[in-house]
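*Asks:* Okay, structure incoming, though there's no sequence with it:
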């Protein structure tokens, strides 16, 4: 009896061949992630301590700023308030920054081997989860120090991490595609993320945003991610549904736009590189 087949892009594909392709994709993804993580801190005196230092230094700067400007923190110690937002925010900015040049830095591989180009920005995002895990250790220490209650709500961190990674991937894959043709997009990434910081409730709480502007403000998908992390970690309750729905919807829209654009551009990567 003839083995059943699946229709894909106008060609009948054997399901066992599909499985082999998926296995090769994830094997390559794992190899790229390991390579990125191990090479990131090579020939660095501080090594993985840099994963702690970046959000820690920003937290100290924000606390110094609070000495001059009255910034509310919803009744939470500001050190904990700011750091709980900086952990996911630092992941987002580092992921986007790593995605931008991911195609250019793997030019030799792309020109020699046929493979899904998405694997390179995806590996950049997954590899940055290592830094996220390291910086979360300090956050856990701060929670113990300030005697923050811990409950079942922490299980919400898993869908929040997936949403956070998808948001970073949606932005990063677009920058990776466009940056391959024009490096201006890669050079502009730090300015983009710096500006993005001020329209995200990292330094200040969402409650300080005027009610009239809040729905427009929540079109920024990182608002739902940051508020979700803060609520789950500091208040031990489920994340607020409205910012989460906005974040989920906007991330889906961004992926629906950026991924097809990347796929279309990827057909010309080998020629450009």
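*Replies:* Noted; the coordinates are in hand. Not measured: the values here are computed from a predicted model. Numbers count the residues shown, from 1 in each chain.

*Asks:* Run through the stretch 1-150 of the chain and note the low-pLDDT ranges.
*Replies:* The model of the stretch 1-150 of the chain has pLDDT under 70 over residues 1-15, 44-47.

*Asks:* So which residues of it form strands?
*Replies:* With strands called from DSSP state E, counting those that start in this stretch, the stretch 1-150 of the chain shows them at 6-8, 11-13.

*Asks:* who's in contact with residue 128?
*Replies:* 91, 94-95, 98, 168 (Cβ atoms under 8 Å, 6 or more residues apart in numbering). Every residue, glycine included, has its C-beta placed from N, CA and C.

*Asks:* again, only this time at 10 Å
*Replies:* Neighbouring residues of residue 128 by Cβ atoms under 10 Å, 6 or more residues apart in numbering: 33, 36-37, 40, 51, 90-99, 165, 168, 172.

*Asks:* Now, those residues that are in helices?
*Replies:* Using DSSP state H, 33, 36-37, 40, 51, 90-99, 165, 168, 172 are the members of the contacts of residue 128 that sit in helices.

*Asks:* Quick check on these: which are buried?
*Replies:* With burial judged by 16 or more other Cβ atoms under 10 Å, the buried subset of the ones in helices among the contacts of residue 128 is 33, 36-37, 40, 51, 90-99, 165, 168, 172.

*Asks:* pretty sure residue 207 contacts residue 76?
*Replies:* No: using Cβ atoms under 10 Å, residue 207 is not in contact with residue 76, being 11.7 Å away.

*Asks:* quick one: which of the two has more around it?
*Replies:* residue 76 (18 against 11; other Cβ atoms under 10 Å).

*Asks:* And the more buried one, its phi and psi?
*Replies:* Main-chain torsions, residue 76, degrees, to the nearest 10: phi -100, psi 140.

*Asks:* Distance check, it against residue 235.
*Replies:* Distance of residue 76 to residue 235, computed by Cβ to Cβ, to the nearest Å: 9 Å.

*Asks:* Return every residue with contacts to both of the two.
*Replies:* Joint contacts of residue 76 and residue 235 (Cβ under 10 Å, 6+ apart) are residue 148.

*Asks:* count of residues packed around residue 87?
*Replies:* Residues near residue 87, counting by other Cβ under 10 Å: 23.

*Asks:* How about residue 52?
*Replies:* Counted with other Cβ under 10 Å, residue 52 comes out at 15.

*Asks:* For it, which residues are in contact?
*Replies:* 46, 131, 134-135, 137-138.

*Asks:* do the same with residue 232
*Replies:* 84, 151, 153-157, 160, 238-239.

*Asks:* run the last query once more with 6 Å
*Replies:* Contacts for residue 232 (Cβ atoms under 6 Å, 6 or more residues apart in numbering) come out as 153, 156-157, 239.

*Asks:* Would you mind checking which of those residues is nearest to residue 112?
*Replies:* Ranked by distance to residue 112 (Cβ to Cβ), the contacts of residue 232 are led by residue 157 at 39.6 Å.

*Asks:* Assign a three-state SS to that closest one, would you?
*Replies:* What DSSP: H, G, I helix; E, B strand; the rest coil gives for residue 157 is helix.

*Asks:* what's the spacing between it and residue 57?
*Replies:* 24 Å.

*Asks:* Neighbour count for those two, which is higher?
*Replies:* More neighbours surround residue 157 than the other of residue 157 and residue 57, with 17 against 11 (other Cβ under 10 Å).

*Asks:* State the distance from the closest residue to the more buried one other than its chain neighbours to residue 159.
*Replies:* Distances taken as Cβ to Cβ, 6 or more residues apart in numbering put residue 232 closest to residue 157, at 6.0 Å, once the chain neighbours are dropped. The gap separating residue 232 from residue 159 is 10 Å, by Cβ to Cβ.

*Asks:* do residue 24 as well
*Replies:* 28 Å.
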